[in-house]
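Peer 1: Give me a model of this one.
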Amino acid sequence: MKRFSQLLIFSLFYIATCAQPTQVGKRPPIGGEIKREDFPQEIDKGPVNATFTFAIFSDLHLSDTLSQNSEDLQNAITEVNANKNLAFVLITGDITDNGDTKSLRLAKTLLNELKIPYYIIPGNHDTRISESGGSDFTSIFGDQHFRLFFNGYLFLGINSSPMLQLEDGHISPQELEWLAHQLKQVGRKQPVYILTHYPVKKGNIDNWDTLTDLVRKYNTQGIFGGHFHRNCVLSYDGIPGVVVRSTQRETDSIGGYTICSIGDSLYIAEKKIGATAHIWQALPLEKKVYTEGDHKAFPRPNFDVNKTYKNVKTVWEKKNEVEIDGTPVINQNSIFFGDANGTLHCITANKGKPVWQFKTTGNIYSTPAVSEGKIVFGSYDHNIYCLNTTDGKLLWKFATSQAVVASPIIENNIVYIGSSDGQFLAINLQSGQLIWAYKGIDSYVQTKAVINDNKVIFTAWDNHIYALNKETGALLWKWQSSTDKLKNTPAAIPPVLAHNKLFVTTNDHLITAIDVEHGTTIWEKKKHHIIHSTGVSTDQSTIFMRSTKDSVLAINAKSNIYAKRWIKNANYGEDLYACQMIPYNNQLVFSTKHGLICCLDEETGTLLWQHKINNTSLNIIPMAPNSWLITTRDGQIIRLNVK
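Peer 2: Presented below is the predicted three-dimensional model:
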C-alpha cells in the first residue's frame with residue numbers, strides 16, 4: 001500500500017510538471033476578468049475526484065521600483081505556460097507592494113501573459129495604502145472575489161483585507177453575504193475550497209470566527225491563503241488551513257510558486273523555478289463533517305469588560321448590511337454616513353430611523369462635512385458630491401480623475417478637499433465651481449485638512465505636509481517627514497493644531513512639532529512607542545496620543561520642547577490602529593482595532609470606562625455630554641449613553 005501511494009504521488013506530479021497534455025475538463029474563459037455576470041448559474045457536472053492540477057501564486061508585491069519581484073513573477077508565468085497540464089492559476093493577494101494604480105496595471109499586463117485562466121483576490125498591500133481605496137483593483141481585475149467550478153469542485157476566493165488602515169484583516173458584511181449565498185446555492189455535499197489572503201486566525205483576521213462558523217456548515221475541504229510568505233498547515237478552528245509561499249525569491253536565489261494536484265488526495269507542492277516540484281503536504285479528499293467550533297482551543301472575542309463598566313448602555317442599535325469605513329457626522333437631529341456600497345445615509349439621531357439615501361457608484365470612505373444646509377463628501381467613483389441635507393437631493397457634483405478617499409472641510413462657503421489624482425481643491429459650496437486647484441502632490445490625500453489663519457494644511461502619502469494659501473492655493477511651505485517607510489508616513493490621520501504648532505505622529509514612534517508659520521521642525525522625539533494617533537484638548541493646552549500597547553501620553557502643547565504632562569495605562573492591549581484622540585466634555589475617548597472604546601479623564605489620564613462593541617475597528621464621535629455615536633466596519637450604527 002505504501003509503495004502504491006508513493007507511485008501515485010510520483011505519477012501525479014510527473015503529470016503536473018511535464019509538458020505532455022492531458023484532459024483537464026471544462027475550462028473557464030481565459031483572461032482573468034471576473035465579473036458577476038460571468039458567474040455560472042449551474043454547477044459544473046464534471047466528475048468529482050477527477051484528476052487535475054492547478055497553480056497558486058501569492059504575495060507577488062509588484063512595483064516599478066522592485067524589478068526583481070516582476071522578474072520572479074515572469075519566470076513563474078513562463079513555467080506555467082510551458083506546463084500544458086495546468087488547468088488554471090489561483091492568486092491569493094498582495095499583488096502589488098503599495099496598492100497603487102500603476103503597479104496594479106503592471107500586474108495585469110504580466111498576468112495576462114498566462115495562457116490559462118487566472119482568478120485573483122487582493123491582499124492588504126493592495127488595499128491598505130491605495131489612492132483608489134482598493135477600487136482600482138476591482139476596475140482592473142473585475143472584482144475582489146471569484147467563484148470557480150471545476151471538475152466537481154468549487155473554489156471561492158474572498159477579500160479579507162483592511163481598507164486604508166494598518167489593522168487586522170476583515171471579511172466585510174457584503175463579502176460574507178456573497179460567500180453565504182454561493183455556499184447555499186451548492187448545498188452541503190459540494191466539496192469546496194475557500195481562498196483568502198490572510199490566514200483565518202486570531203491576529204490576522206479580526207472576525208475569523210464568523211468565517212469559520214459559516215464554512216463549517218458545508219463540505220469545506222480546506223482554506224488556502226498567503227501573507228506569511230512561507231509554506232505551512234494550520235487549523236482554523238478545526239478546518240484545514242494551507243498557507244503557501246510567495247512568488248518572490250526573497251533570500252533565495254530563485255523564486256517559485258505552488259502546484260496542487262487532485263487525485264485520491266489534494267497534493268500540495270512547492271515549485272521553485274527550474275526545479276522539480278517538491279510535495280510538502282497532502283490533504284485527504286473526503287466528506288467533511290465539522291462539529292461546533294472549539295471555543296476552548298480557539299477562544300472567541302471576550303466582552304467581559306462590559307460587565308465591569310455597567311454604566312455604559314446602548315440607547316439604540318441599527319445594522320447596515322454593508323461595511324462602514326468613514327466617520328459619521330451629526331447635524332442637528334440628523335446623522336450622515338457613507339458605506340462601502342457607495343450609499344450616503346441620513347438617519348435620525350434620537351432613534352436611528354432612516355430619512356433618506358443617496359447612491360453613488362463607489363465606496364464612500366470620506367467623512368462628510370455639513371454647512372448651510374448642504375452636505376459634501378467624496379466617493380471612490382471619482383466625484384465630490386454636494387446634497388441637500390433635508391431631502392438628499394443632488395445639488396452639484398465635481399469630477400476628478402481618480403477616487404476621492406479624503407474628507408472635506410468647509411469654511412466661509414468654500415469646500416477644501418484633497419483627491420487621489422495629485423490635487424488639492426477649493427470649491428465654491430453654493431455653485432460647485434472650482435476656485436483653485438493645487439497640483440503639486442506626488443501621491444494622494446486620505447484625511448481632511450486643518451485651517452489656520454490664511455493657511456489650509458494637509459498631509460499626503462508622498463511623505464509631505466503641505467500648507468497652501470487658502471485664498472489662492474499658492475504653496476506657502478512643504479514639510480518632509482524623516483521617516484523612511486511608506487507605512488509610517490504621517491498621512492493616516494489629520495494633524496492637530498495648537499499654539500502655532502502642528503503636531504503629527506507616525507508608526508515608527510516619532511512625535512513631531514512643526515512651526516505652523518514656516519513649516520520647520522521645532523522638535524521631534526521618539527518616545528513610548530507612539531503610533532498614528534493625535535488629539536488636542538478643548539483648551540488647546542494638551543496634545544494626546546497613544547502607544548502600541550496600553551499607554552496614553554499627554555504632552556504640553558505650549559512648550560517649545562518635548563514636555564510630558566502624564567502617561568497612563570489605559571489597558572487596551574496591543575494595537576497599531578490609526579485613530580484620532582477625541583477630547584469632549586473634559587474626557588478623552590478613542591477606539592482600538594478590536595472594537596474597544598476607552599474613556600480617560602482629560603486632566604489626569606485616569607481610566608473612566610471602557611466598552612467593547614465588537615472585534616473590529618470603529619469610528620466614534622460625541623453626540624452630547626455622555627452620549628456617543630459609533631459606526632463599525634461590520635456595519636453597525638450604535639448610540640451609547642454613559643451614566
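Peer 1: Quick check: next helix or strand after the helix or strand bottoming out on mean pLDDT in the chain?
Peer 2: The weakest-scoring helix or strand in the chain, judged by mean pLDDT, DSSP states H and E, is helix 2-17 (a mean of 45). Next helix or strand after helix 2-17 toward the C-terminus (DSSP states H and E): strand 52-57.
Peer 1: just how off-centre is that following strand within its chain?
Peer 2: How far strand 52-57 lies from its chain's middle: 27 Å, per C-alpha atoms, centre = their mean, to the nearest Å.
Peer 1: List the pairing partners of it within its sheet, with orientation.
Peer 2: Take DSSP bridges as the rule and strand 52-57 pairs in its sheet with strand 86-92 (parallel), strand 256-262 (antiparallel).
Peer 1: Do you have the helices of the chain handy? List them.
Peer 2: Secondary structure of the chain (DSSP state H): helices located at 2-17, 67-82, 101-111, 124-127, 135-141, 173-186, 208-215, 305-308.
Peer 1: buried ones in the third one?
Peer 2: Read that as helix 101-111. Within helix 101-111, the residues scored as buried using 16 or more other C-beta atoms under 10 Å are 101, 103-104, 106-108, 110-111. Any C-beta I mention is one placed from the backbone N, CA and C, and that applies to glycine too.
Peer 1: Please work out how many residues are found near the closest residue to residue 628 other than its chain neighbours.
Peer 2: In space, residue 628 comes closest to residue 640 once its chain neighbours are excluded; the distance is 4.7 Å by C-beta to C-beta, 6 or more residues apart in numbering. Residues lying near residue 640 (other C-beta atoms under 10 Å) number 20.
Peer 1: contacting residues for residue 640?
Peer 2: By C-beta atoms under 8 Å, 6 or more residues apart in numbering, residue 640 lies in contact with 312-315, 597, 611, 627-630.
Peer 1: Narrow the residues you listed to just the buried residues.
Peer 2: 312, 597, 611, 628-630.
Peer 1: and these as TSV, adding pLDDT?
Peer 2: As requested, the buried ones among the contacts of residue 640 are exported to TSV (pLDDT from 0 to 100):
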residue	pLDDT
312	97
597	98
611	98
628	97
629	97
630	97
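Peer 1: Next, check the residues you listed against the strands and list the overlap.
Peer 2: 312, 597, 611, 628-630 (DSSP state E).
Peer 1: List just the nearest of those residues to residue 195.
Peer 2: When those are compared for distance to residue 195 (C-beta to C-beta), residue 630 wins out at 31.9 Å.
Peer 1: doesn't residue 620 make contact with that closest one?
Peer 2: Yes. Judged on C-beta atoms under 8 Å, residue 630 makes contact with residue 620 at a distance of 5.0 Å.
Peer 1: so what's residue 180 up against?
Peer 2: Here residue 180 is in contact with residue 214 (C-beta under 8 Å, 6+ apart).
Peer 1: Wait, residue 360 touches residue 344, no?
Peer 2: Yes. Taking contacts as C-beta under 8 Å, residue 360 lies within contact range of residue 344: 7.2 Å.
Peer 1: Quick one: mean pLDDT for stretch 569-588?
Peer 2: For stretch 569-588, mean pLDDT is 94.
Peer 1: ok, and for it, which residues are buried?
Peer 2: For stretch 569-588, by 16+ other C-beta under 10 Å, it's 570, 572, 575-584, 587-588.
Peer 1: now those residues in a markdown table, with distance to residue 379?
Peer 2: Shown next, in a markdown table, are the buried residues of stretch 569-588 (distance: C-beta to C-beta, whole Å):
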| residue | distance to residue 379 |
| --- | --- |
| 570 | 35 |
| 572 | 33 |
| 575 | 29 |
| 576 | 27 |
| 577 | 24 |
| 578 | 22 |
| 579 | 23 |
| 580 | 22 |
| 581 | 28 |
| 582 | 25 |
| 583 | 30 |
| 584 | 29 |
| 587 | 33 |
| 588 | 32 |
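Peer 1: Could you export stretch 78-90 as CSV, CA atoms only?
Peer 2: Taking Å, rounded to 0.1, in the frame of the first residue of the first chain, the C-alpha atoms of stretch 78-90 are listed here in CSV:
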residue,chain,number,x,y,z
THR,A,78,6.8,31.3,-18.3
GLU,A,79,6.9,27.9,-16.4
VAL,A,80,3.2,27.7,-16.1
ASN,A,81,2.7,28.5,-19.8
ALA,A,82,5.1,25.6,-20.6
ASN,A,83,3.1,23.2,-18.5
LYS,A,84,0.2,22.0,-20.6
ASN,A,85,-1.4,20.1,-17.7
LEU,A,86,-2.3,23.0,-15.5
ALA,A,87,-6.0,24.0,-15.6
PHE,A,88,-5.9,27.4,-14.0
VAL,A,89,-4.0,29.7,-11.6
LEU,A,90,-5.4,31.0,-8.3
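Peer 1: just to revisit the earlier point, out of the contacts of residue 640, flag the one nearest to residue 160.
Peer 2: Closest to residue 160, out of all of the contacts of residue 640 and judged by C-beta to C-beta, is residue 630, at 23.1 Å.
Peer 1: Pull the number of nearby residues for the nearest residue to the closest one once chain neighbours are set aside.
Peer 2: The shortest distance from residue 630 to any non-neighbouring residue, by C-beta to C-beta, 6+ apart, is to residue 638 (4.5 Å). By other C-beta under 10 Å, the residues close to residue 638 number 21.
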